[in-house]
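1. here is a sequence together with a model predicted from it:
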Amino acid sequence: MSNSLSVSGSGSLPTSLQFAQTAPVQDLAANHSSVTEQFLRLHLFPSATVLLPIQQLSEVLTLPTGRVVPIPHMPAWVMGVYNWRGEILWTVDLGHLCGFTPWYQQATNVSSFPAVVLQARSSTAGSARNQMLGLVVSRVEDIEWCDPEMIQPLPRTTVSPQLAPFLRGYWWKAGGDMLAVLDGEAIVRAMPQP
């Protein structure tokens, strides 16, 4: 896996993401404590903000809606497949998977949508392998630095049943914002095997 998050496609991205495109993670980490980890902040419709570890992400994309090919007999949150660098990339509506409003109900007349490429370990039938998924989100926001020890579990009874399996915990940001931290490997495990 590369040491930097690359950004491709058209569209405006936050300055910090454009900086991350050209700076290796190690260079950025030199400015922060050795106990912090980088997370990419993503917005899910209507008002949820979630974090995914940068080490599980490889790229930020802008996907043209007409280039995602739907696949029948899949869960509604599986949008289809996309030709990414000559490889098949399964695309998932992350908000819909987590119990929020599906992408197709959010906006009309949209020609493209933002996505992040998740690379996580998948264990099936005793074998482990890396699997890539395109996670469609409402917006890619910024990079957050967080001490992993500050991520707190939340009682599963206070979390929606759709979100609970994908939740690593919550992080209370210094300004009082509570951000959900997702588990990329749990998202990959939820993907049905074609």
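-> Happy to help now that I have it.
2. Three-state assignment for the residue lying closest to Pro114 once chain neighbours are set aside, please.
-> Excluding its sequence neighbours, the residue lying closest to Pro114 (Cβ to Cβ, 6 or more residues apart in numbering) is Val140, at 5.2 Å. Where C-beta positions appear, they are placed from N, C-alpha and C, glycine not excepted. Secondary structure of Val140, reduced to three states by DSSP: H, G, I helix; E, B strand; the rest coil: strand.
3. can you tell me how far Val140 is from Trp84?
-> In this view, Val140 and Trp84 are 16 Å apart by Cβ to Cβ, to the nearest Å.
4. who has more neighbours out of those two?
-> Legend: neighbour count by other Cβ atoms under 10 Å for Val140 and Trp84, higher for Val140 (22 against 19).
5. distance of the more buried one relative to Leu51?
-> 12 Å.
6. joint contacts of these two?
-> Shared contacts of Val140 and Leu51 (Cβ atoms under 8 Å, 6 or more residues apart in numbering): 40-42.
7. just the buried ones from the residues you listed, in ChimeraX syntax?
-> Buried residues among the shared contacts of Val140 and Leu51 (16 or more other Cβ atoms under 10 Å), as a ChimeraX selection:
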select :40,41,42
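8. relative to Val92, which of the shared contacts of Val140 and Leu51 is nearest.
-> Of all the shared contacts of Val140 and Leu51, Leu42 has the smallest distance to Val92: 12.7 Å, by Cβ to Cβ.
9. so the closest one sits against Leu94, correct?
-> Yes - applying Cβ atoms under 8 Å as the test, Leu42 and Leu94 come out as touching, 7.3 Å apart.
10. following the host helix or strand of Trp90, which helix or strand shows up next?
-> Per DSSP states H and E: Trp90 is located in strand 87-93. The first helix or strand that comes after strand 87-93 along the chain, using DSSP H and E, is helix 94-97.
11. which helix or strand lies directly C-terminal to that next one?
-> helix 103-106.
12. so what's Pro46 closest to, chain neighbours aside?
-> Thr101 (6.0 Å).
13. same question for Ala180.
-> Nearest one to Ala180, counting by Cβ to Cβ, 6+ apart, is Val50 at 4.7 Å.
14. could you do Leu154 as well?
-> Leaving out its chain neighbours, Leu154 is closest to Tyr170 (Cβ to Cβ, 6+ apart), at 5.1 Å.
15. now do the same contact list for that neighbour.
-> Contacts of Tyr170 by Cβ under 8 Å, 6+ apart are 151-154, 178-181.
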